[in-house]
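Asks: pasting the sequence and the predicted coordinates here, then a few questions.
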Amino acid sequence: MNAILDGFVARQRELWPLADKNFSALEKARTKTLCLGDETVLVQFNPDRIISSAAKTDKASLSKRPCFLCPAHRFPEQIYLPVITPQAHSYDLLLNPFPIFPNHLVIALSEHRDQGLSGRLEDLLFLADFFKGYTFFYNGPSCGASAPDHHHFQGLPSGIMPLEMRIKERRGSYRELARYGSAKLYRNDGFYRGIYLIEADEASDADQLYRTLMGALPIEEGESEPRINAIAFAGEKCRYQLVVVLRKCHRSHHFYAEGKEHLLMSPGCADMTGYFITPQEEDFLKLDDEMLAQMVEEIIVPVPVEQDLLAALERQAQTVSVGILSAPEILFELGDGRLRRATLEDGMVCCDGKKAPTLRYNAPDKRKDGFLEPFFHLHKVKIGKGFHWEQEETQVFAGDLELIVEGENLTAVNHLPVEDYLLSVIASEMSATAPLEFLKAHAVISRSWVLNVKQGRSSCGVERILSELPWEKEYDRWYGGGAHKHYDVCADDHCQRYQGLTRPFSGEAIAENVRKAVKETAGQVLLSGGEICDARFHKCCGGMTERFSVCWEDEDKPYLQAVEDPWCHQADAKVLHEVLNDYDEATRDWYEWEETFSREELSSLIEEKSGYQTGQLQYIKLMEKGASGRWYKIALCGEKRSLIVGKELEIRRLLSRSHLKSSAFELEYQDKNGRPVALKLDEEGNLQTEWAYLRIKCRGWGHGVGLCQIGAAVMASKGWDYRRILAYYYPGSELK
């Protein structure tokens, strides 16, 4: 019990004869026990309690009656205890004049606002923590709330509800589903379906797991939240214990039936905890184990819905392994700040006096705002491999560090939860100062892509020889993400940029923006045909995105089609500064650009990059291109041999010192003075024009498939939310 609340109840009963009479009558209520699942439950009948189970709570009926929780319409004798929560929400703590429990309380929001737990869960937890000895509960607006138009909780002394005691005594089986900071989410089995427990020491951590749970559940049309009941009480080994009961509906068919099957019961949170209220004596007498089980089965969460929920939670709990650095030796630091050197000896990893096939350093489960804190530094990490921005950095990482042997090198592999991985990815791909809705869109597609890779459905790198003759070879080559042997993904542009916590944690304001983007999209993925999308993205499409088959396998995906994009051309210096990392921002000609090569240099590059002796380049025949103008088949006609090449990245690779930014280009042949010349061939295809330079005039940056990062950032800066951005770039996909 609680001295403050017990004193308040006693004082209110002294001042209010009606309440005192009803609480006294409660002592005469009849009870019996039944069995439900593996639990013994109570059934109560109070002959003196007003029958209210048939009260109408639809909007039309509510609008016609005064709100009995608003001060203007309360009983004259009703007093209240003011409560201000840490979230600065004001409540009036009241005595319930029509109780079903001893010391039955109502805690009503001081202002008239609809019933809803979103944004108020921490209020419920505060009540349970502040008024220890009492348990507090919540009825959803469609799950038993007597005043769905006025937000409120209810309270009673702890130790009465069977479900509460089940949790405290750890009865049934408990399956851990997720963690967030100090919070853990469990599913309790044995009583009935749809019981979930959150235990936490920090209310904000519990709130995050609650939002994760709610985000994976459907919301009925016209309603504001999934159908639930919730109970909160102080834990013995943790500060907060929150039980969430998932519902299908408020009432079973018995409520509407006639004759022997009729029950005037509208189960709310009290009932779902195993304390069933029967308003009529005939219901009390005829309710048995079988009838009770049938009623509960009809109102709890359906099996398919819970299966979808568990699948979604499993996706969110997944981890990812990231290959970061491969080298003969690896320099790193752990939390103690001491520089360590790992070397390769006799095919084994050697470090700290240890010699083994692999060495693993496990990070402590320390978190900041729900995300893992930094654990190790890696030195000399190369980023932008093979591209024009290639450079080395020292980077900071969360999660575990594993050192493995790959051929003649050691590889540093980072193991961490997918959600922590995303924190770095979205700030590595673009700047953490980008608009929030853009970062949220990127969190969804990066999550979708990596989970697609983990399920083995992402395209792998392939070389396909189409024909080979002494004077000509035709081949396609594409470079897929994933497809690594010893880890899920790498840390560079081959997969997704993952540069640790250096950027997302470079400043508190930046860090909060990135954390918020990952939190507010927690677990959300794009689906197509029930499968997670291979959600590709690129820097700048150049005015139109491209089909999947231009860059990878020949079979197109329905959600990766060519769409017009007028936004990426609208990016001004301010937007670019917000969305691009420093090394990307150094690339000024991101939308339209050009490169010029001498004939000798380009001929040499083609031979070097392809590995074939083609001789002096005669000309380039442009053969097939996609809707965005990106070429995916060209012929490099050499003096000794010709190469017919695809797809777009292989073309970009062969025609540049690193990579062309895009294969959407036009060619201009120039004489030795730099003047344009027209390319002329004779009837047999032999070159009739002398040229000295080739000017390549290009548009866009990247493969052009899926989301255009600069275009999406401009859309976000113009007020588009992330859902609308995703629907535009991935037509026909489903955000779930």
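Replies: Received the coordinates, thanks. These numbers were taken from a predicted model, which means no experiment stands behind them.
Asks: any idea how many residues pack against P76?
Replies: 6 (other Cβ atoms under 10 Å). Any C-beta I mention is one placed from the backbone N, CA and C, and that applies to glycine too.
Asks: how about S604?
Replies: 14.
Asks: got the phi/psi numbers for it?
Replies: phi -70, psi -40 (degrees, to the nearest 10).
Asks: again with G615
Replies: Per degrees, to the nearest 10, the backbone of G615 is at phi 80, psi -170.
Asks: got it, and the one 5 residues further on?
Replies: Backbone dihedrals for I620, given as degrees, to the nearest 10, come out at phi -120, psi 120.
Asks: surely I79 meets L15?
Replies: Yes - the pair I79 / L15 is scored as a contact, 6.5 Å apart, by Cβ atoms under 8 Å.
Asks: joint contacts of those two?
Replies: Between them, I79 and L15 share no contacting residue under Cβ atoms under 8 Å, 6 or more residues apart in numbering.
Asks: please work out how many residues are found near L410.
Replies: 24.
Asks: now do whatever helix or strand it lives in, average pLDDT.
Replies: Element membership of L410 [criterion: DSSP states H and E] is strand 409-417. Averaging pLDDT along strand 409-417 gives 93.
Asks: go on, stretch 520-532?
Replies: Rounded mean pLDDT across stretch 520-532 is 91.
Asks: what residues does that stretch touch?
Replies: 208, 211-212, 215-216, 312-313, 315-316, 419, 440, 443-445, 447-448, 451-452, 455, 457, 533, 535, 557-559, 722, 726, 730, 732-736.
Asks: please repeat the previous calculation with a cut-off of 6 Å.
Replies: 212, 312, 316, 440, 443-444, 447-448, 451-452, 533, 535, 559, 730, 733-734, 736 (Cβ atoms under 6 Å, 6 or more residues apart in numbering).
Asks: got the end-to-end distance for it?
Replies: 19 Å (Cα to Cα, to the nearest Å).
Asks: picking that back up, just the buried residues from the contacts of stretch 520-532, in ChimeraX please.
Replies: This is how ChimeraX selects the buried members of the contacts of stretch 520-532, with burial counted by 16 or more other Cβ atoms under 10 Å:
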select :212,312,316,440,443,444,447,448,451,452,533,535,559,730,733
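Asks: so who does E734 touch?
Replies: Counting by Cβ under 6 Å, 6+ apart, E734 makes contact with L527.
Asks: repeat that for A363.
Replies: 375, 399-400.
Asks: and T40, by the same measure?
Replies: T33.
Asks: just the CA trace of the longest helix along the chain, in CSV.
Replies: The longest helix of the chain (DSSP state H) is helix 436-454. Taking C-alpha atoms only, helix 436-454 is exported to CSV below (Å, rounded to 0.1, in the frame of the first residue of the first chain):
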residue,chain,number,x,y,z
LEU,A,436,15.4,14.6,-40.8
GLU,A,437,12.9,13.2,-43.2
PHE,A,438,15.7,12.4,-45.7
LEU,A,439,17.7,10.6,-43.0
LYS,A,440,14.6,8.7,-42.0
ALA,A,441,14.1,7.6,-45.7
HIS,A,442,17.7,6.5,-45.8
ALA,A,443,17.4,4.6,-42.6
VAL,A,444,14.5,2.6,-44.1
ILE,A,445,16.3,1.8,-47.4
SER,A,446,19.6,1.0,-45.7
ARG,A,447,17.8,-1.3,-43.3
SER,A,448,15.9,-3.0,-46.1
TRP,A,449,19.0,-3.4,-48.2
VAL,A,450,21.2,-5.0,-45.4
LEU,A,451,18.4,-7.4,-44.3
ASN,A,452,17.9,-8.3,-48.0
VAL,A,453,21.6,-9.2,-48.1
LYS,A,454,21.4,-11.2,-44.9
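Asks: what is the nearest of the contacts of A363 to E282?
Replies: G399 (60.9 Å; Cβ to Cβ).
Asks: quick check: phi and psi on the closest one?
Replies: phi 90, psi -170.
Asks: what's the burial count for the closest residue in space to it that isn't next to it in sequence?
Replies: Nearest non-adjacent residue to G399, counting by Cβ to Cβ, 6 or more residues apart in numbering: L416, 2.8 Å away. Residues within reach of L416, counting by other Cβ under 10 Å, total 23.
Asks: ok, L416 touching F397?
Replies: No - contact between L416 and F397 fails when scored by Cβ atoms under 6 Å: they sit 7.8 Å apart.
Asks: next secondary structure element downstream of the helix or strand hosting Q12?
Replies: Element membership for Q12, per DSSP H and E: helix 3-15. Per DSSP H and E, helix 3-15 leads on to helix 17-26 as the next helix or strand towards the C-terminus.
Asks: now that next one: mean pLDDT?
Replies: 94.
Asks: tell me the angle of it relative to helix 3-15?
Replies: Interaxial angle of helix 17-26 relative to helix 3-15 (axes from the mean of the first three to the mean of the last three Cα atoms, to 10 degrees): 110 degrees.
Asks: from the middle of its chain, how far away would helix 17-26 be?
Replies: Distance of helix 17-26 from the chain centroid (Cα atoms, centre = their mean, to the nearest Å) equals 50 Å.
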